[in-house]
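Asker: Quick check, what structure comes out for this input:
(one chain, ligands or ions: 1)
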Amino acid sequence: MSSNPKVRIVARIRAQSNKYGDNIDGISISKPWISVLRPDTNSHPIRVKISFGSDKISSGKQSCEIDDCYEQDVGNEEIFIKEIKPLISGLFGGQNSTVFAYGPRESGKTYTIQGYEEELGLAVLAVDAILPLAEEQGKIVTISVFEVYQDRVSDMLDTKRPEVAIFEDGHGKIRLKGLSKVKVNSTSEFQRLYLQAANARKELQKMTEPPHRYHTGCIVHVVSPQTDKSCAQLVGKINFVDLASYEDSRRKSIDGFNLTEATRINKSLYTVHNVLYALNAKDARVPYRESKLTRMLQDSLGGTSKILMISCMNPSLCQETVQTISLASRSCMAGFLACLDPGKSSRIVNKTSGMSSPQVMKSASKFNTRSNMVSPRVVKPMSASVSGEKTAGSKLHMSMKKDKDVSFEVKGRKLFDDTIQLKKSKLGNKCPESASSMESSSQRETSLSLASEAVSNSSTQQEEQFASSAIDLDSSQLPFEEGKGTLTASSDMDPSWLPSEKDALQIVNYIAPTTPFTDQTPTEKENKSSNLNDRPSPPLSARIQELRNNLNSLCFSTDANLKMALESLEPETPKYLPKVEASDKNVILEKSEFKTPIAEKSAKENYELATMESPWESFHMRSSRAKDSLVQEYLKFFNTASKEELKGLKGIGEKRAANIIEMREESPEPFKQLDDLTEIGLSKKQIKIMMKDAVGELL
Ligand SMILES: Nc1ncnc2c1ncn2[C@@H]1O[C@H](COP(=O)(O)OP(=O)(O)OP(=O)(O)O)[C@@H](O)[C@H]1O
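Answerer: The predicted structure is shown next:
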């Protein structure tokens, strides 16, 4: 494995402070429950193992591996020298980079990135190092500070500006329209601006109850100044992102934060991890578009960019801390897998001719599934329990115990990706065809119950409360794997850390057949994918025209042509139903020969139509369905038309058409609703006008 990986994932354990450090819900946790094991320094690459649990049950400890871990006594300066300085050297050579701080609340993310009075953060230390270098080389330094809240990007140096728009220019470069850039000449000037942005955020926070959680970022650009002969040109940039805190949405809120918001934020955090995972695994498809944050940082994540993820641990929050490190480890493992099976990414690309088909996504997900594994020593089914264990010394332990009855598998997966299915079968039974036996990622899988137990003779009520509030860890996010060792191999690693040859082979063999078209010859595969690309797209005009006529006739219809129009719009649904009584509903639904969800939906809609009293209601429902069909047809055109056909549309020129084709290469159906067209730089108003143009006036 390269000693200089694209994505480097390290952890940081927050120092205990009097204010936060050694107390959770009144229970002392003075005994450390996080331990860090460093391998022999001669081994390469150096990887550390982080274990959670008390010493006495060390054999059953839960553990994860990541690139490095900074313990409580390490300050920002040391992290800067080891992790950020190399990125700064690359910056002047045109290499972009991104530094993320991720973790639960009060884990030290802001302390790490922005810093406090007593300790300068990494961003400040970086600017301090960049400024003299820039001066030496005749470059200038500008900064932008932004916030991402609910997928809305705001400029924090000028909060009066409207939302920042993200779009890709004709050269494939990400543009952030509306994000101000301010030139900085000194570190103190940078600190003042950074603080000003933080204060502006605090002011905005005061207006919201409960307080929002958001991602904040600072972009430091190094620019060649404008001359008589050339315009100002970006040399490179480094982003510092303080991610919103990760909060287990199943945990009862302490500060009353909103569950929907927690879920949304966690989803965007998972997207960041999925992007890092895909980059580390050298996947053909990287899901940048799944969140505004990753989309806006795309050109500092992909290509030759370098990424540093600092996973911050708050020892007071066991559950979130374990999950944080588990996720970090998952992305790390992707690098190992890619290293073990270097042909994997190219195989995926070959199989799809650079296009990411849904099947490939699925297989890539399955590939991901295998990488969430992790504990090298855990080879038996286990259950884990966190014990709020009040020993004589008032100590909280997190313990793992073996349990034959409770078995589970890691469902490492592409988080929040609906297309991903999860496997229940064991490694030996795994075959791609068993996809049907998988369950949706939204479903809770066998959960690992981490129940806290108070074992003190004199436990207080508070302790009992803590003990009884079971801490649930989703097994998908836990670093265990049933029945096998871990894939932590690199040919020159400490052998005691390596999986057995058999394990590694098994895993690599598992990955290989999960890609689709395995029964096809290379030529067939090529034909298949080129056929896909060559498939003539349906002429928009013909189908839209047909739908328009139908909709028109709907507007001016007699009962008879209304029926005809509807039938031609929805030939696959059961025919026009006679008026029925409510009691017949189940019969209708049961009798429906269409058992697919869509057919069932149609049957339900037909039932609703049939039971409607007022013709107006019925007309309204039918016309809105017809409109939906029109929109779907219109979007289908964007999802399938050739570049030339796209250019035939008013408002779509060469650049937009190219952009659409590129989006389709990343995701097979990028346009699922009209608003998705804003991704190609169209305003909602423009979309409306274009749609109207294509469909024509109805009245
Ligand atoms: N390494 C450290 N050493 C000493 N104190 C620290 C350290 N890390 C964090 N702290 C202190 O812990 C508290 C919480 O840190 P910080 O605000 O950086 O957390 P955070 O993860 O950004 O929290 P949130 O996401 O809730 O805003 C602060 O008072 C900070 O000074």
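
Asker: and Ile660, how far is that from Phe167?
Answerer: According to C-beta to C-beta, to the nearest Å, Ile660 and Phe167 sit 13 Å apart. C-beta: built from backbone N, CA, C; applies to glycine.

Asker: Now list whatever residues contact both of those two.
Answerer: Ile680 (C-beta atoms under 8 Å, 6 or more residues apart in numbering).

Asker: which of the two has more neighbours?
Answerer: Per other C-beta atoms under 10 Å, whichever of Ile660 and Phe167 has more neighbours is Ile660, with 22 against 18.

Asker: need the contact list for that one.
Answerer: Contacts of Ile660 by C-beta under 8 Å, 6+ apart are Phe638, Lys643, Leu646, Ile652, Pro670, Ile680.

Asker: let's go with 10 Å and repeat that
Answerer: Shown in contact with Ile660 (C-beta atoms under 10 Å, 6 or more residues apart in numbering): Phe638, Asn639, Ala641, Lys643, Leu646, Lys647, Ile652, Pro670, Phe671, Leu677, Glu679, Ile680.

Asker: For the stretch 1-150 of the chain, what lies in contact range of the ligand?
Answerer: Residues of the stretch 1-150 of the chain lying close to the ligand (C-beta under 6 Å from any ligand atom) are 14-15, 17, 20, 103, 105-111, 116.

Asker: quick one: which of those residues is nearest to Ala284?
Answerer: Gly103 (29.9 Å; C-beta to C-beta).

Asker: okay, now the closest one: neighbour count?
Answerer: 29.

Asker: That one contacts Val322, correct?
Answerer: No. Counting by C-beta atoms under 10 Å, Gly103 stays clear of Val322, with 11.5 Å between them.

Asker: any shared contact partners between these two?
Answerer: The contact sets of Gly103 and Val322 overlap at Met313 (C-beta under 10 Å, 6+ apart).

Asker: still on that earlier bit, adding secondary structure and pLDDT, write the residues of the stretch 1-150 of the chain next to the ligand out as JSON lines.
Answerer: Output for those, formatted as JSON lines (DSSP: H, G, I helix; E, B strand; the rest coil; pLDDT from 0 to 100):
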{"residue": "Arg14", "secondary structure": "coil", "pLDDT": "89"}
{"residue": "Ala15", "secondary structure": "coil", "pLDDT": "83"}
{"residue": "Ser17", "secondary structure": "coil", "pLDDT": "59"}
{"residue": "Tyr20", "secondary structure": "coil", "pLDDT": "48"}
{"residue": "Gly103", "secondary structure": "coil", "pLDDT": "93"}
{"residue": "Arg105", "secondary structure": "coil", "pLDDT": "88"}
{"residue": "Glu106", "secondary structure": "coil", "pLDDT": "89"}
{"residue": "Ser107", "secondary structure": "coil", "pLDDT": "92"}
{"residue": "Gly108", "secondary structure": "coil", "pLDDT": "93"}
{"residue": "Lys109", "secondary structure": "helix", "pLDDT": "95"}
{"residue": "Thr110", "secondary structure": "helix", "pLDDT": "95"}
{"residue": "Tyr111", "secondary structure": "helix", "pLDDT": "94"}
{"residue": "Tyr116", "secondary structure": "strand", "pLDDT": "88"}
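
Asker: Is it possible to mark the buried ones in those?
Answerer: Arg14, Tyr20, Gly103, Arg105, Glu106, Ser107, Gly108, Lys109, Thr110, Tyr111 (16 or more other C-beta atoms under 10 Å).
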